[in-house]
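[1] Quick one: sequence and predicted model below, then my questions.
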Amino acid sequence: MGSVMSLFPSKMSKEELETTLTKAKEIASSTPVIVFSKTYCGYCTRVKQLLTQLGATYKVIELDVESDGSKIQSALAEWTGQRTVPNVFIGGKHIGGCDTVVEKHQGGKLVPLLTDAGAIADK
Ligand SMILES: N[C@@H](CCC(=O)N[C@@H](CS)C(=O)NCC(=O)O)C(=O)O
């Protein structure tokens, strides 16, 4: 009890969850910035626009398009405690959703994170 999975029951077996979790972790650590997103999500659009505006290179996985998108979403919930999209990772580290990304930008912390991760070229 108390786990995210108990709040959001999934049809995945434990093994399937482990496999999907491994895949999500590989994706998050193999690219400087990854945005787990949904095509119709306005918060996701906001984050993608902000990253583009800052000149960052980033990868997007649209969970409503991927055949295993709902499994990935459940794996992300189990891993990060966050089920909503956007779910953003920078430098392999979980950052959070749109609110957190915008807050970090307003606090001057987003660009350094992106630069350290190699998503923005040093000037
Ligand atoms: N406060 C969150 C809001 C994110 C949010 O509400 N996202 C919606 C999609 S627009 C969501 O993930 N809903 C659940 C789902 O799609 O499974 C943020 O800043 O990222």
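    Cool, the structure landed. Numbers count the residues shown, from 1 in each chain.
[2] count of residues packed around Leu110?
    Taking other CB atoms under 10 Å as the criterion, the count of residues near Leu110 is 22. From N, CA and C alone the C-beta is placed, and that goes for glycine too.
[3] The residue nearest to it when sequence neighbours are not counted: neighbouring residues, count only.
    Among residues not flanking Leu110 along the chain, Lys104 sits closest, at 4.3 Å (CB to CB, 6 or more residues apart in numbering). Neighbouring residues of Lys104 were enumerated by other CB under 10 Å; the total is 19.
[4] for the residue of the chain found nearest the ligand, phi and psi?
    Using CB to the nearest ligand atom, the point where the chain gets nearest to the ligand is Gly97, with a distance of 2.4 Å. When read as degrees, to the nearest 10, the backbone of Gly97 gives phi -100, psi -160.
[5] contacts for the helix or strand hosting the residue nearest to Leu110?
    Of the helices and strands defined by DSSP states H and E, Lys104 is found in helix 98-106. By CB atoms under 8 Å, 6 or more residues apart in numbering, the surrounding residues in contact with helix 98-106 are Tyr43, Cys44, Arg46, Val47, Leu50, Leu54, Pro86, Val88, Ile95, Leu110, Val111, Leu113.
[6] Run the chain-centre distance for the helix of greatest length in the chain.
    Secondary structure assigned by DSSP state H gives helix 14-29 as the longest helix of the chain. The gap between where helix 14-29 is centred and where its chain is centred comes out at 13 Å by CA atoms, centre = their mean, to the nearest Å.
[7] just checking, Gly91 touches Leu113?
    Yes. With contact defined as CB atoms under 8 Å, Gly91 counts as touching Leu113 (6.8 Å).
[8] which of the two has more neighbours?
    Applying other CB under 10 Å to Gly91 and Leu113 shows that Leu113 carries more neighbours, namely 20 against 17.
[9] Quick check: the gap between the more buried one and Asp64.
    Applying CB to CB, to the nearest Å, one obtains 27 Å for the distance of Leu113 from Asp64.
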